[in-house]
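Participant: Kindly return the folded structure for what I paste below:
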Amino acid sequence: MKAISYFIFSMILACGGESSTGNDASYSVGYEDAVMISEKSVPAQSEVVSQEQKIIQTGNLRFETKDLEKTQQHIQKVAAQNQGFIQDDNSGKNYNEIYRNITLRVPTANFQSVIDSISKGVAFFDQKDISRQDVTEEFIDLEARLKAKRELENRYLELLKQAKNVAEMLEIERELSKIREEIEARQGRLNYLENRVTVSTITIYFYKITTDTGVTTSYGSKMWNAVKSGWNGISLFFLGLIYIWPFLLFLLIFLYFLRRYLRRNKKKI
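Facilitator: Numbers count the residues shown, from 1 in each chain. Take a look at the predicted model:
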């Protein structure tokens, strides 16, 4: 295995040309060294040629409307005029409101235009969040590292052609598999960022207040509620008596002596 690793490392240096330095012995032999050599081709941020900024823009709007259907048609029209599309469209009913939740995807160049068009006619926003995330640095770093990994892949492919036996082929293919996994991961992240940068996301939640709560109570439930209300009334009555028992006791004593007094006066007459 050590001989195979030495073979791979030697071939990478050979593919790299005669410009390599003579202190190769300072490197440990193996795949990690090949990766280190390749990663050196990743440019530092200060050396990267300036390019257009990569900005991810997102919007989150929430507001009340008097006409859900009219607002929904207006949003569809604005999206079509700005080459956008509706990604999600959900509607429903809460306790005292009917709502609609729409997610738009629009070209980033038309992001502000869409926000301004939807905002027209909205007297007050319950929520209006606009965010811009700069991913330029991550974008440049991914592109550079992806380029380096592909160059390393090509070097291993050249080594594969020069392999002399099955053991060497298996070793090189194992390293190629690791490199390709890293390439796929970085390419996936790069594609995701490119999509988010190119097409912005706007979430719009609009609703209409209703007096109807949407809760229907059956006749049986109404009767049961009436029975419970009556029992609660009786319970409250007895609880009230308990609260005023000193006053009731005083009233009974007063009535007792008043009655005795009236009886005595009646006998004298």
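
Participant: hang on, isn't Cys101 packed against Tyr205?
Facilitator: Small correction: residue 101 is Asn, not Cys. Yes - under the criterion of C-beta atoms under 8 Å, Asn101 makes contact with Tyr205 at 4.9 Å. Every residue, glycine included, has its C-beta placed from N, CA and C.

Participant: and the residue lying closest to Phe125 once chain neighbours are set aside, how many residues sit next to it?
Facilitator: Excluding the flanking residues, the one nearest Phe125 by C-beta to C-beta, 6 or more residues apart in numbering is Phe63, at 5.0 Å. For Phe63, the neighbour count with other C-beta atoms under 10 Å is 19.

Participant: same check, this time on Ile130
Facilitator: Residues near Ile130, counting by other C-beta under 10 Å: 13.

Participant: same thing with Ile202?
Facilitator: Ile202 has 24 neighbours, counted by other C-beta under 10 Å.

Participant: who touches the residue nearest to Phe125 in this structure?
Facilitator: Neighbouring residues of Phe63 by C-beta atoms under 8 Å, 6 or more residues apart in numbering: 122, 124-126, 205-206.

Participant: Parallel or antiparallel, which strands does the helix or strand hosting it pair with?
Facilitator: Using DSSP states H and E, Phe63 falls within strand 55-64. Next to strand 55-64 in the sheet, as set by DSSP bridges, lie strand 125-134 (antiparallel), strand 199-209 (parallel).

Participant: so which of the ones you listed comes closest to Phe111?
Facilitator: Among the strands paired with strand 55-64, strand 199-209 comes nearest to Phe111, with 4.3 Å by C-beta to C-beta.

Participant: The closest one: which residues count as buried?
Facilitator: 199-208 (16 or more other C-beta atoms under 10 Å).

Participant: mind checking the longest helix of this protein?
Facilitator: Identified as the longest helix of the chain according to DSSP state H is helix 166-198.

Participant: Could you list the low-confidence segments of the chain?
Facilitator: 1-51, 212-219, 221-222, 267-269 (pLDDT under 70).

Participant: how's it carved up into domains?
Facilitator: 53-215, 222-268 (automatic domain parsing).

Participant: most packed of the ones you listed?
Facilitator: domain 53-215 (a mean of 15; mean count of other C-beta atoms under 10 Å).

Participant: and the contacts of Phe63 as CSV, adding distance to Asp116?
Facilitator: Formatted as CSV, those follow (distance: C-beta to C-beta, whole Å):
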residue, distance to Asp116
Val122, 11
Phe124, 16
Phe125, 13
Asp126, 18
Tyr205, 18
Phe206, 16
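
Participant: Could you work out the most separated pair of those residues?
Facilitator: Phe124 and Tyr205 (13.9 Å).

Participant: If I take the helix or strand just after the strand holding Phe63 and strand 55-64, what angle do their directions form?
Facilitator: Where DSSP H and E defines the elements, the next helix or strand beyond strand 55-64 is helix 68-81. Relative orientation of helix 68-81 and strand 55-64, computed by axes from the mean of the first three to the mean of the last three C-alpha atoms, to 10 degrees: 160 degrees.
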